[in-house]
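Trainee: attaching a predicted model along with its sequence, questions to come.
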Amino acid sequence: MPPIFDEHNTQKLELDEDNIDDDEATLPPAHNVLRSTQSRDDSENDFKSSAARKSTNDQHKASDTRTSKQPSVAHRIASELNLPCFTARSQQLHLLPSPSVFHSTLISLIQNARNRIVLTSLYIGPTESDLIHVHLRTALKQNPSLKCTILLDALRGTREGSDKASAASLVAALARDFPDQVDARLHLTPRVTSTLMRKLLPKRFGEGLGLQHMKLYLADNSLIISGANLSRDYFTNRQDRYLLIEDHHGLGDYVQDLITRRYARHAYRLQAASASSSSLENTPYELVWDAGEQSDHIWGNTSAPVQRPPIEFKWSSSLARDLSKVTDEWRSRTAQSRGDGADDADVQVVPLLQLGIVGLTQETDVLSRLCSAENLPNASTVDLTTGYFSPSPSLVQLLLNQRKRSLALRILTASPRANGFFGSSFPSGMLPAAYVLLERAFGKKALNAGWTRDVSGGEGKRLEMRRWEKQGWTYHAKGLWITTPSPTGSTAARPTISLVGSSNYGRRSCNLDSECTFLLCTAPDSEFATKLSQERDALLQHSRDWEWDTADSSRQRVEEKELGIETRPLVRALTWALKGLL
């Protein structure tokens, strides 16, 4: 089966020092701006031209959970924390470069799906009628055996626009018209513990208590892992990260199990309130608690006696048990097949679940292992990016309390103008300024911990903080890259460890939201390491360094004027009072 695209033909990158803008001239020499030797349009057309998707052949199935012969950070961490560890080949993994490529790839996957589609997102834009009622509806009509689950957040998914439309009203007609193929689910945070609270608390404020935040898009055996939701801006001008893993039967089965069995049983069933409606896009709907019966009916989850979760609002412990069970079962499956070994399996993939309110902390546990002395040797570089910089206290401690002789930490955040809340009305309009305050607070802690802004490449603990900005765009990317020194010095240092998924690594991600992130480990000379390096550098291309180590109030006021924000006393007070929700 041909891959979706060939990076060697469409994504070949080379240094272009002559074309570096003045605004970008502060990039360190080791991370000069890269440019494509072909136009973006050509690259994106190559993505769009390859649409075929087939189920994994027997050879691919056999190698889904094989491991390379060399031990890896992923295998060691998975063993310590009892996590599943899949393996893949570099050729199966593709880091999509842009929102438009993400959109076209997603449409291609849906159009060519034959067996299963699982769409897990915070929400679907209520105007995405083409996605739901053209592409997905057509695929379901053409393939009566095709099954589909859509899982959204209950609060965000029912938030109405000016025309009273919502993600729920958009999807309800699809669930009605394909009762034996489609199961639509809305997951409500366990923190909203009563019907009275749900009615009295405005949706926008209720969302602050926790959300279903995972972003997983599965079609047959191909999976997109991202932080992007399914709405127009995420398809056009909101930059995120998008990892496509092609033809991986094991990961596909894992995601199906996680969503259609575990989460579906702890989410409301979305159904149309009437047998017909005047509009597919704005169908009256209702939410029904069926403890996953519709999902089990569609997916045939009847191989073992089903223990239904308790009535709504009393199932948090049941969900915790189910999520622990899916981890244990897949840990056992991947461990059993690890001895088969394939020489071309050069990437290890470890799924991480985080739902702090029920005590599930796989992501934070892995972060602590990644920042240990064993996995972060001297002269390493850690790149962390998030559109919303509000690091949890534990992450701040992990990053700043390093005792290395030489270590580089680079943090890439959204410039206030690239923050999705920039220009919004109160109270969300104050968020860009709030994140600037949190960045400054982090800088002050770094200064006290002995970090410097020296980016010349010398020894010491060097912190570089950068802000991403691109005219007319917003920034929503999140993730981690770790680059360790090449053991032989024969190749340029490239990232060998990365985290990709929905988490922003903040207090919310740690304590409130449902998150799914994937740990990826590879060798420094692998093809995937090159892809990770190119992805990171492409994001850095649109960023500027800023002076995080200054406490001069006059310089900070000048900076705020340039950024178009104002950190007035009210913003400061609300930031510190509500930082646990940011």
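Mentor: Right, received. Where do you want to start?

Trainee: would you map the strands across the stretch 51-200 of the chain?
Mentor: Using DSSP state E, counting those that start in this stretch, the strands found in the stretch 51-200 of the chain span residues 86-88, 93-95, 116-120, 147-153, 182-187.

Trainee: which one of the ones you listed lies closest to residue 221?
Mentor: Ranking the strands of the stretch 51-200 of the chain by their distance to residue 221 (criterion: CB to CB) puts strand 116-120 first, at 8.7 Å. For every residue, glycine as well, the C-beta is placed using N, CA and C.

Trainee: partner strands of that closest one, with direction?
Mentor: strand 147-153 (parallel), strand 216-219 (antiparallel) (DSSP bridges).

Trainee: next secondary structure after the shortest one?
Mentor: When you say that, I think you mean strand 216-219. Moving toward the C-terminus from strand 216-219, the next helix or strand (DSSP states H and E) is strand 222-226.

Trainee: packing partners of that next one?
Mentor: helix 99-111, strand 216-219, strand 242-245, helix 249-256, strand 497-501 (3 or more CB pairs under 8 Å, 6 or more residues apart in numbering; DSSP states H and E).

Trainee: can I get the longest one in PDB, CA atoms only?
Mentor: Right, the one you point to is helix 99-111. Output of helix 99-111 as PDB, limited to C-alpha atoms (Å, rounded to 0.1, in the frame of the first residue of the first chain):
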ATOM      1  CA  PRO A  99      -4.100  22.600   9.400                       C
ATOM      2  CA  SER A 100      -5.100  22.200   5.700                       C
ATOM      3  CA  VAL A 101      -3.100  19.000   5.400                       C
ATOM      4  CA  PHE A 102      -4.700  17.700   8.600                       C
ATOM      5  CA  HIS A 103      -8.100  18.500   7.200                       C
ATOM      6  CA  SER A 104      -7.500  16.900   3.800                       C
ATOM      7  CA  THR A 105      -5.900  13.800   5.400                       C
ATOM      8  CA  LEU A 106      -8.900  13.400   7.800                       C
ATOM      9  CA  ILE A 107     -11.400  13.600   4.900                       C
ATOM     10  CA  SER A 108      -9.400  11.100   3.000                       C
ATOM     11  CA  LEU A 109      -9.400   8.700   5.900                       C
ATOM     12  CA  ILE A 110     -13.100   9.000   6.300                       C
ATOM     13  CA  GLN A 111     -13.900   8.600   2.600                       C
END
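
Trainee: tell me what angle that helix forms with strand 222-226.
Mentor: On the basis of axes from the mean of the first three to the mean of the last three CA atoms, to 10 degrees, helix 99-111 is oriented at 150 degrees to strand 222-226.

Trainee: what about helix 99-111, average pLDDT?
Mentor: Averaged over helix 99-111, pLDDT sits at 99.

Trainee: quick one: the strands in the stretch 451-582 of the chain?
Mentor: Using DSSP E, counting those that start in this stretch, strands in the stretch 451-582 of the chain cover 460-468, 474-475, 479-483, 497-501, 515-522, 543-545.

Trainee: now these in TSV, with mean pLDDT and distance to residue 75?
Mentor: Below are those laid out as TSV (pLDDT from 0 to 100; distance: least, CB to CB, whole Å):
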stretch	mean pLDDT	distance to residue 75
strand 460-468	94	29
strand 474-475	98	33
strand 479-483	97	16
strand 497-501	99	12
strand 515-522	98	8
strand 543-545	96	34
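
Trainee: which one of those strands lies nearest to residue 575?
Mentor: strand 460-468 (17.7 Å).

Trainee: who's in contact with that closest one?
Mentor: Contact partners of strand 460-468, identified using CB atoms under 8 Å, 6 or more residues apart in numbering, comprise 28, 239, 385, 402, 404-415, 418, 439, 442-443, 446, 449-455, 475, 477, 539-540, 542-546, 548.

Trainee: show me how far that strand is from its chain's centre.
Mentor: Between the centre of strand 460-468 and the centre of its chain there are 23 Å (CA atoms, centre = their mean, to the nearest Å).

Trainee: stretch 157-173 too?
Mentor: Centroid displacement of stretch 157-173 relative to its chain, using CA atoms, centre = their mean, is 24 Å.

Trainee: what about the stretch 51-200 of the chain, any weak spots by pLDDT?
Mentor: 51-71, 193-200 (pLDDT under 70).

Trainee: quick one: contacts for residue 96?
Mentor: Applying CB under 8 Å, 6+ apart to residue 96 gives the contacts 47, 102, 105, 224, 242-244.

Trainee: which of the contacts of strand 460-468 count as buried?
Mentor: 28, 239, 385, 402, 407-415, 418, 439, 442-443, 446, 451, 453, 455, 475, 477, 539-540, 542-543, 545-546, 548 (16 or more other CB atoms under 10 Å).

Trainee: those residues in helices, which ones?
Mentor: Among the buried ones among the contacts of strand 460-468, the residues falling in helices (DSSP state H) are 439, 442-443, 446, 539-540.

Trainee: looking at the residues you listed, spot the one nearest residue 575.
Mentor: Using CB to CB, residue 439 is the member of these that lies nearest residue 575, at 11.2 Å.

Trainee: distance of the closest one from residue 531?
Mentor: Look at residue 439 and residue 531: by CB to CB, to the nearest Å, they are 29 Å apart.

Trainee: same deal with residue 108?
Mentor: Distance, residue 108 to residue 531, using CB to CB: 20 Å.

Trainee: count the residues that sit near residue 444.
Mentor: 13 (other CB atoms under 10 Å).

Trainee: what sits closest to it if chain neighbours are left out?
Mentor: Distance criterion CB to CB, 6 or more residues apart in numbering; nearest residue to residue 444, sequence neighbours excluded, is residue 551 at 7.2 Å.

Trainee: return the member of the ones in helices among the buried ones among the contacts of strand 460-468 nearest to residue 180.
Mentor: For those, the nearest to residue 180 is residue 539 (43.1 Å; CB to CB).

Trainee: next up, the contacts around residue 358.
Mentor: Counting by CB under 8 Å, 6+ apart, residue 358 touches 190, 316-317, 319-320, 323.

Trainee: need the buried ones from the residues you listed selected in ChimeraX.
Mentor: Buried residues among the contacts of residue 358 (16+ other CB under 10 Å), as a ChimeraX selection:
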select :190,316,319,320,323
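
Trainee: out of the contacts of residue 358, which are inside helices?
Mentor: Per DSSP H, those map to helices at 316-317, 319-320, 323.
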